[in-house]
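> After the sequence you'll find the predicted model.
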Amino acid sequence: MNVNISEVPDPPAEGRLIRGSYCEEPIAGTTLFPHILEKDQTISRRSSDFLRRYFPLTDENNWNDWRWQLSNSFSTLEALSKVMDLTEDEIYAINSLKNCHRLPLRITPYYLSLIHDIDRFNPLRRTMIPTPEEFFSTETECSDPLDETGSSPVTGIVHRYPDRALFTVTQFCSSYCRYCTRSHSVGKLGNLSHSEWNEAINYLREHTEIRDVVISGGDPLTMTDHRLEFILNTLRSIKHIEIIRIGTKVPVVLPMRITPALTSMLKKYHPLFMSIHFTHPDEISVETKRACEMLADAGIPLGSQTVLLKGINDDPETMKRLMQKLLTARVRPYYIYQCDPIPGSSHFRTTIEDGINIIENLRGHTSGYAVPQYVVDAPGGGGKIPVLPDYVVHSGPEKWVFRNYQKKLFEYPNK
Ligand code: SF4
C-alpha cells in the first residue's frame, strides 16, 4: 500500500513575542487558577490578562487558534525572559540545552499563562522550565530505560505486548515535559520518512495478533485534522485492529486544539480511547475541563496518565485532589507511573514506597473511580508492573486474612 504522508507538519516557527504597553498586573490573590469564564468570554481571565499584556496586538480569536498557539510558543531564552523572571539556575540550564542532546524547550502561550508569574518552586513551572539538575546523570539512568528500541521491529512501532502496539506518529509536542520518558527521541528526531511510514503500516497490517494500537509520539494531536484522519482511516482499514487509543497532553497544554471539527472527525473512528497526561490538579483549568468535556461528548472514553514526581505531585493530598478533579472533568484516573530513570531525572524521581503510600491514601479514602493503578514500567523492557499496598495479612487453605484501608482485620473463609 502506498501511504501518502505529505502532510506531516513542519515544526512551527519560533515564538513571536510582541511586548506592548498594556501593563495590567496579573490577577491578585492566592488562587493561581481562578476558573472564571464570564459570559461571552472565550478564554479565562488569567489567559486573557496574559494575552493583553504580552500579545497586545492579538485578539482572542487568535489565542483560541491552536495553530497560533503553536507558532507563538516559547522556545528560546530570549522570548521566555520577556514574560517571566527566570532564576540564574534556569537561565544557565536553558543556555546549556544548546550544547547537549537534551529535550528542547517549548511551552505554549496558554500553558505559560498558567506559570509565568509564579515562583520557581511551583509544581507546574518545575515540569516545564529546565534546571541544572537535568544535567546530572546517575549510573542507573539511561536514555531509553524501557528499551523501546529493543522492542521496535520497524521504525515508529514498538511491539512489546502480544496484542498491542505503539505507533509513534510524530516526535513533536506543543510543550516539552522535562521528565519525558522519550526524551531520547522526542523533539529531536525528524518525522518518519515515506518508506518508514509504509513499513510501519505494513507491519501492523501483517501482524494479525495486534488488536489494539496506541497512537503516540510526541503528541499526535499536534497534527492537522486531515493528517490525523488519514492515520485513523488507515488503521481502521486493518480488520484485526479492534481499538485505537491516542496518547496526548494536548487538552492540558493546548486545550484550544480540541475543536468541534476535531471531535466530529474523531468520533467516526470508534471504538477510540484517549489517555491524557495530567500532572497536577492546577492543570485542570476551565479551558482544559471544557476540552475534556468536548472529547467525552464525542463518546471518547478518557483516561488519565500521571507520572509521580518528587515535590510536584508526590504527596497524597495533591494526588487525591488531582484524581477527584479529573472525575469532574469526566476523565477516569487510569495510571500513576513511577518516573522512569532517564538521564537527569533524579530530582524528579521518588521512591516506590512513596507511590505505594499514595495508593494507600486513595483506596478507601475516596471514590473507587478516583483510584488509578500505580505501575512501574520495568527498566529493560519488562512492561508495566502494578504495585499495590499489601492488604493480605495471611493466606491459607482455610481462610485468608485481610486488612482494610483503616488497618482493621477481616477474615474470608477460603472454602
Ligand atoms: S507530552 Fe508526552 S511525549 Fe511530549 S514531552 Fe510531555 S511526556 Fe514527552
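Cool, got the structure.
> So which residues on the stretch 251-400 of the chain come close to the ligand?
residue 277 (CB under 6 Å from any ligand atom). The way it works is simple: take the backbone N, C-alpha and C, and place the C-beta from them, glycine included.
> Please, where are all the strands along the stretch 251-400 of the chain?
Remark: strands assigned in the stretch 251-400 of the chain by DSSP state E, counting those that start in this stretch are 272-277, 302-308, 332-338, 373-378, 383-386, 392-395, 399-403.
> helices or strands next to the last one in the packing?
Contact analysis of strand 399-403 by 3 or more CB pairs under 8 Å, 6 or more residues apart in numbering; DSSP states H and E lists strand 392-395, strand 409-413 as its packing neighbours.
> Deepest in the core, which of the ones you listed is it.
Of all those, strand 392-395 has the most neighbours on average by mean count of other CB atoms under 10 Å, namely a mean of 12.
> which residues sit against it?
Applying CB atoms under 8 Å, 6 or more residues apart in numbering, the contact partners of strand 392-395 are 400-403, 409, 414.
> distance between it and the chain's centre?
37 Å (CA atoms, centre = their mean, to the nearest Å).
> pLDDT averaged over that strand - what is it?
Mean pLDDT, strand 392-395: 97.
> Now the most centrally placed residue in the chain. Nearest residue, chain neighbours left out?
Taking CA atoms, centre = their mean, the centroid of the chain lies closest to residue 277, which sits 2.9 Å from it. In this structure, residue 277 finds its nearest non-sequential neighbour in residue 249, 4.0 Å apart by CB to CB, 6 or more residues apart in numbering.
> close enough to count as contact, that neighbour and residue 217?
No: between residue 249 and residue 217 there is no contact under CB atoms under 8 Å: 10.2 Å.
> which neighbours do those two share?
Here residue 249 and residue 217 share the contacting residues residue 173, scored by CB under 8 Å, 6+ apart.
> helix/strand/coil for the residue lying closest to residue 63 once chain neighbours are set aside?
Leaving aside its sequence neighbours, residue 63 sits nearest to residue 51 (CB to CB, 6+ apart; 5.1 Å). Of the three states, residue 51 takes helix under DSSP: H, G, I helix; E, B strand; the rest coil.
> what's the farthest-apart pair in the contacts of strand 392-395?
403 and 414 (16.4 Å; CB to CB).
> So which of those two has more stuff around it?
The neighbour comparison of residue 403 against residue 414 (other CB atoms under 10 Å) goes to residue 403, with 14 against 10.
> Run a quick neighbour tally on the residue nearest to residue 63.
Counted with other CB under 10 Å, the neighbours of residue 51 add up to 21.
> so what's it up against?
Taking CB under 8 Å, 6+ apart, we find residue 51 in contact with 43, 58, 60, 63, 109, 113.
> Now residue 383: closest residue in space, sequence neighbours ignored.
Nearest to residue 383 is residue 160, by CB to CB, 6+ apart, at 5.9 Å.
> now do residue 190
If the residues on either side of it in the chain are set aside, residue 190 comes closest to residue 171, at 7.1 Å by CB to CB, 6+ apart.
> Let me know the distance separating the one you found from the ligand.
Counting by CB to the nearest ligand atom, to the nearest Å, the gap from residue 171 to the ligand is 9 Å.
> wait, isn't that residue in contact with residue 219?
No: judged on CB under 8 Å, residue 171 makes no contact with residue 219 at a distance of 9.4 Å.
> Check what contacts stretch 236-245 and list those residues.
Here stretch 236-245 makes contact (CB under 8 Å, 6+ apart) with 204-205, 208-215, 232, 235, 269, 271-275.
> Filter those down to the ones in helices?
Judged by DSSP state H, helices contain the following of the contacts of stretch 236-245: 204-205, 232, 235.
> follow-up on the earlier one: if I pick the residue nearest to residue 190, what's in contact with it?
Neighbours of residue 171 in contact, by CB under 8 Å, 6+ apart: 185-191, 217-218.
> So which of those residues is the closest to residue 318?
The closest of those, once distances to residue 318 are taken by CB to CB, is residue 186, at 25.7 Å.
> and the closest one, how many neighbours does it have?
By other CB under 10 Å, the residues close to residue 186 number 21.
> hang on, it packs against residue 218?
Yes: at 5.6 Å, residue 186 and residue 218 qualify as touching, with contact defined as CB under 8 Å.
> what touches both of the two?
Jointly contacting residue 186 and residue 218 under the rule CB under 8 Å, 6+ apart are 171-173.
> what residues go with each domain of this protein?
For the chain, automatic domain parsing gives the domain ranges 45-134, 157-386.
> what's the nearest residue to residue 185 if we skip its chain neighbours?
Distances taken as CB to CB, 6+ apart place residue 171 nearest to residue 185, at 5.7 Å, with adjacent residues excluded.
> Doesn't the one you found belong to a helix?
No: Residue 171: not assigned to a helix; according to three-state DSSP it is coil.
> Determine how far the last residue of stretch 279-292 lies from the first.
Using CA to CA, to the nearest Å, the end-to-end distance of stretch 279-292 comes out at 15 Å.
> quick one: that stretch to chain centroid distance?
12 Å.
> How about residues contacting it?
Contacting residues not belonging to stretch 279-292 are listed as 32-33, 35-37, 43-44, 46-47, 110, 114, 123-124, 127, 177, 250-252, 255-258, 276, 278, 302, 306-307, 309, 312-313, 318, 321-322, 325-326, 328-331 [CB under 8 Å, 6+ apart].
> and if you look at stretch 119-136?
32, 80, 86-87, 89-90, 92-94, 96-97, 100, 102, 105, 107, 111, 114-115, 118, 175-179, 279-280, 282-283, 309, 311-313, 318, 344, 346-347.
> can we see that at 7 Å?
If you take CB atoms under 7 Å, 6 or more residues apart in numbering as the criterion, stretch 119-136 is touched by 87, 89-90, 92-94, 96-97, 102, 105, 107, 111, 114-115, 118, 175, 177-178, 279-280, 282-283, 312-313, 344, 346-347.
> go on, stretch 377-390?
Taking CB under 7 Å, 6+ apart as the rule, stretch 377-390 contacts 145-147, 150-151, 160-161, 337, 340-341, 352, 355-356, 359-360, 373-376.
> Mind checking which of those residues are in helices?
Under the assignment DSSP H, the contacts of stretch 377-390 contribute 352, 355-356, 359-360 to helices.
> I'm done for today, thanks for sticking with me.
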